[in-house]
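K.L.:
Sequence and predicted structure, then a few things I'm wondering about:
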Amino acid sequence: MNLLYNSAGYPVACEADGSLFSPSGRNIGRLVKKAGVFADLNGHYLGEIICVNRLVYNRCSKYLHADLGQAQSQKQIRTVADPRKYSRIQLPAGYEDLQPTG
């Protein structure tokens with residue numbers, strides 16, 4: 001299980017076995033390995049990892065309008081809790097934090 005954070009250092013998601021979960025444990029997407037990005041459950045671009053553990057949205061991604069395929073499974077996990085907060089990072093131009101999910 002890999003915890004992922006926003007640019008302010010707060011946990012925003014968790015990746016486990018190729019699935020992406022919100023902090024409340026709801027399945028919000030999956031890893032598209034060939035593209036190196038995450039897609040939501042409907043197959044739309046969701047975001048990507050930069051700086052090892054920051055999940056962010058790339059406004060210039062070549063996958064913004066691509067059909068990345070719908071998720072086959074909609075697993076859920078227990079609530080994701082991580083007491084750690086990482087230091088703030090400056091996002092590169094064209095990147096932004098993901099919008100919060102439940």
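P.N.:
It's in. Numbering: from 1, shown residues only.

K.L.:
helices or strands next to the helix or strand containing Ala13 in the packing?
P.N.:
Assigned by DSSP states H and E, Ala13 belongs to strand 11-16. Counting by 3 or more Cβ pairs under 8 Å, 6 or more residues apart in numbering; DSSP states H and E, the packing neighbours recorded for strand 11-16 are strand 2-5, strand 19-21. Any C-beta I mention is one placed from the backbone N, CA and C, and that applies to glycine too.

K.L.:
residue ranges with poor pLDDT in this protein?
P.N.:
71-83, 100-102 (pLDDT under 70).

K.L.:
list the buried ones in the strand holding Ala13?
P.N.:
With burial defined by 16 or more other Cβ atoms under 10 Å, the residues of strand 11-16 counted as buried are 11-15.

K.L.:
Closest one of these to Pro92?
P.N.:
Val12 (17.4 Å; Cβ to Cβ).

K.L.:
Does that closest one touch Ser24 like I think?
P.N.:
No: Val12 lies out of contact with Ser24 (Cβ atoms under 8 Å); the separation is 11.4 Å.

K.L.:
for Gly43, what are its contacts?
P.N.:
For Gly43, the contact set (Cβ atoms under 8 Å, 6 or more residues apart in numbering) comprises 67-71.

K.L.:
actually Tyr45, not the one I wrote
P.N.:
Tyr45 is in contact with 37-39, 61, 63-66, 68, counting by Cβ under 8 Å, 6+ apart.

K.L.:
what about the closest residue to it other than its chain neighbours, distance to Lys33?
P.N.:
Spatial nearest neighbour of Tyr45, chain neighbours left out: Tyr63 (4.3 Å); criterion: Cβ to Cβ, 6 or more residues apart in numbering. For Tyr63, the distance to Lys33 equals 13 Å [Cβ to Cβ, to the nearest Å].
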